[in-house]
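Asker: quick one, structure for this:
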Amino acid sequence: MAFGIQHVHIKSADPKQTAQFYIDNLGGTMVAEIAGRGFRVNLHGLTLNITTVIAAQKRHQLIGIEHIAVETDDYAGTLAQMRKNGVEILEEMPPAPNGRRVAFVQAPGGEQVEVLEKV
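Answerer: Numbering: from 1, shown residues only. Modelled structure (predicted):
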């Protein structure tokens, strides 16, 4: 039996703002608007469905996710762009033994994004 990731679904009070965060700060591209619900963003091959809480779904729905991890070959430039865009840097970890730098930032939908330096 084989499995693959189909998408990550982020529920947000403001799907447009959340989608724009991934586009402006992490190089995502807008794929489509999900009629009356939100947006679909391609984050370097990972599909993000970003919607509000959907009234037709009867199960308990949560806002956000814990975190998405992204890797960048320009760690300093990525964090500088995020700071310029007003993104809250939650934590910058001490460099790992291999020199990799890691930071956690706050996305507007309530989820966190882990930014890892590509080594």
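Asker: list the contacts of the closest residue to residue 87 other than its chain neighbours.
Answerer: Counting by C-beta to C-beta, 6 or more residues apart in numbering, residue 87 lies nearest to residue 105, which is 5.2 Å off, once chain neighbours are set aside. For glycine as for every other residue, the C-beta is placed from the backbone atoms N, C-alpha and C. With contact set as C-beta atoms under 8 Å, 6 or more residues apart in numbering, residue 105 has these partners: 25, 82, 87, 88, 89, 90, 112, 113, 115.
Asker: and the residues you listed, which two are furthest apart?
Answerer: Using C-beta to C-beta, these span at most 13.9 Å, a distance reached by 25 and 90.
Asker: those two: which is more packed in?
Answerer: Looking at residue 25 and residue 90 with other C-beta atoms under 10 Å, you find the greater number of neighbours at residue 25, namely 20 against 13.
Asker: can you name the helix or strand that the more buried one falls in?
Answerer: Using DSSP states H and E, the secondary-structure element containing residue 25 is helix 15-26.
Asker: got the buried residues for that helix?
Answerer: 15, 18, 19, 20, 21, 22, 23, 25, 26 (16 or more other C-beta atoms under 10 Å).
Asker: distance between that helix and the chain's centre?
Answerer: Centre-to-centre, helix 15-26 and its host chain are 8 Å apart (C-alpha atoms, centre = their mean, to the nearest Å).
Asker: isn't residue 98 up against residue 117?
Answerer: No - contact criterion C-beta atoms under 8 Å: residue 98 and residue 117 do not qualify, at 9.7 Å.
Asker: low-confidence ranges, the protein, go.
Answerer: Per-residue confidence for the chain (pLDDT under 70) gives these ranges: 1-3.
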